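[1] Sequence first, then the predicted structure, then my questions.
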Amino acid sequence: MYVPPRTARDRRRGNLVSELLPRLDPARREDRLVGEMIESSLKLLRDGTSLGDIKILNASLRELRYAFKVFAPYRGVRKVSVFGSARSSPTAPAARAAREFAQRIAAEGYMVITGAGPGIMRACQEGAGRERSFGVNIRLPFEQEPNEFIAKDSKLLTFRYFFTRKLIFIKEANAVVLFPGGFGTHDEAYECLTLVQTGKTSPMPIVFLDAPRGTYWKTWKRYVEDHLLRPQLISDEDMSLFKVTCSIDEAVDEITRFYRLYHSSRTVGRRFVIRLNRPIAESLVADLSGDFADILVSGKIEQTAGALSAEDEPEIRDLPRLVLHFNRTHFGRLRQLIDRVNREG
């Protein structure tokens, strides 16, 4: 039996559903996917899903929809997600380094994304400035108030769940920088490394940045070498996925150099496509085919002009591409290929 909406907000929702459902166009992929989401939602009732589980799905979808809306106007601006301790004092060496790094990377045209809290997060947003900052806050039992450099800004979001917050941190980032921090910083570090290592997110610079003469990340790197690399729990090539440095100059250069020729990448069918900002010499393409044959399932690396798929956005459709049948396993080697293109192209 149909139950009328009880509140003005419920009535607005009912009107929105009545208005939009008949307008779904099966010919548009976006409409088909939204239709699938509606179908999946209705199946929750058929499945007898508990109220608690429905609340999780509802809150997650609402948080992500709103986050996509907030980030959409800045889709063409490269961004750096920055992690680090909320406990760092404003005068701590790491906080001073974070402030300077954010100022420098903002001057290069990037925006910064932080957790919007105190410590390293506050220092970064002070350095980048409100106009170049996003805040991705989290509701905690001990309330984490947004810092004054992002509070009440339209680019401040507050999440209930860590997993939706993490998704936005990585999805919207073109680079990740990690300053010294606690369990949360290490959680975010390994999440980023795992996603890039397994190809679950696009290749991007991951920089572990310490204060000048700091040993925090150098000690961590020794642990990785001694206890992960030496017993072959990771591969040699995985060490190419990140950089450890105490130099702000090196950190900024690592990020900006990565996008010197490399623009972005995606998978089209069985082919891996690397978009370039400009073409490279065919002699270099031939060298890459030989030197990186170990990551090719078949064929060779080829350079093409223009998109292989109609799904590419108009502003990048005409960019030159490197096309390869990548084995989708050795992403450390893929990073080495991108570095070679940027260095020699």
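    Everything's here; your move.
[2] Could I get the full set of helices for the protein?
    8-20, 29-46, 51-71, 93-107, 120-128, 162-171, 183-197, 216-224, 248-258, 282-291, 331-344 (DSSP state H).
[3] Would you mind finding the most buried of those?
    Comparing the helices of the chain by mean neighbour count (mean count of other Cβ atoms under 10 Å), helix 120-128 ranks first with a mean of 29. C-betas here are computed from N, CA, C, even on glycine.
[4] Quick one: work out the angle between that helix and helix 183-197.
    70 degrees (axes from the mean of the first three to the mean of the last three Cα atoms, to 10 degrees).
[5] Could you dump the helices of the chain into JSON lines and include distance to residue 320 and mean pLDDT?
    JSON lines is the format used below for the helices of the chain (distance: least, Cβ to Cβ, whole Å; pLDDT from 0 to 100):
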{"stretch": "helix 8-20", "distance to residue 320": "39", "mean pLDDT": "64"}
{"stretch": "helix 29-46", "distance to residue 320": "26", "mean pLDDT": "88"}
{"stretch": "helix 51-71", "distance to residue 320": "27", "mean pLDDT": "97"}
{"stretch": "helix 93-107", "distance to residue 320": "27", "mean pLDDT": "98"}
{"stretch": "helix 120-128", "distance to residue 320": "32", "mean pLDDT": "98"}
{"stretch": "helix 162-171", "distance to residue 320": "25", "mean pLDDT": "97"}
{"stretch": "helix 183-197", "distance to residue 320": "24", "mean pLDDT": "97"}
{"stretch": "helix 216-224", "distance to residue 320": "36", "mean pLDDT": "98"}
{"stretch": "helix 248-258", "distance to residue 320": "17", "mean pLDDT": "99"}
{"stretch": "helix 282-291", "distance to residue 320": "10", "mean pLDDT": "98"}
{"stretch": "helix 331-344", "distance to residue 320": "11", "mean pLDDT": "98"}
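[6] Of those, which is nearest residue 147?
    helix 120-128 (3.9 Å; Cβ to Cβ).
[7] what's in contact with that closest one?
    Around helix 120-128, the neighbours that count as contacts under Cβ atoms under 8 Å, 6 or more residues apart in numbering are 82-86, 88, 90, 94-96, 98-106, 111-112, 114-116, 133, 135, 147-150, 179, 181.
[8] With stretch 329-339 instead?
    Against stretch 329-339 from outside (Cβ under 8 Å, 6+ apart): 196-199, 203, 235-241, 258, 262, 272, 274, 288, 292, 294-295, 326.
[9] How about exporting that stretch as CSV, limited to the C-alpha atoms?
    Coordinates of the C-alpha atoms in stretch 329-339 are reproduced here as CSV (Å, rounded to 0.1, in the frame of the first residue of the first chain):
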residue,chain,number,x,y,z
THR,A,329,50.6,-6.6,-13.4
HIS,A,330,53.9,-4.7,-13.2
PHE,A,331,52.8,-1.2,-12.4
GLY,A,332,56.2,-0.3,-11.0
ARG,A,333,57.6,-1.0,-14.5
LEU,A,334,54.8,1.1,-16.0
ARG,A,335,55.9,4.0,-13.7
GLN,A,336,59.5,3.5,-15.0
LEU,A,337,58.2,3.8,-18.5
ILE,A,338,56.3,7.0,-17.7
ASP,A,339,59.5,8.4,-16.1
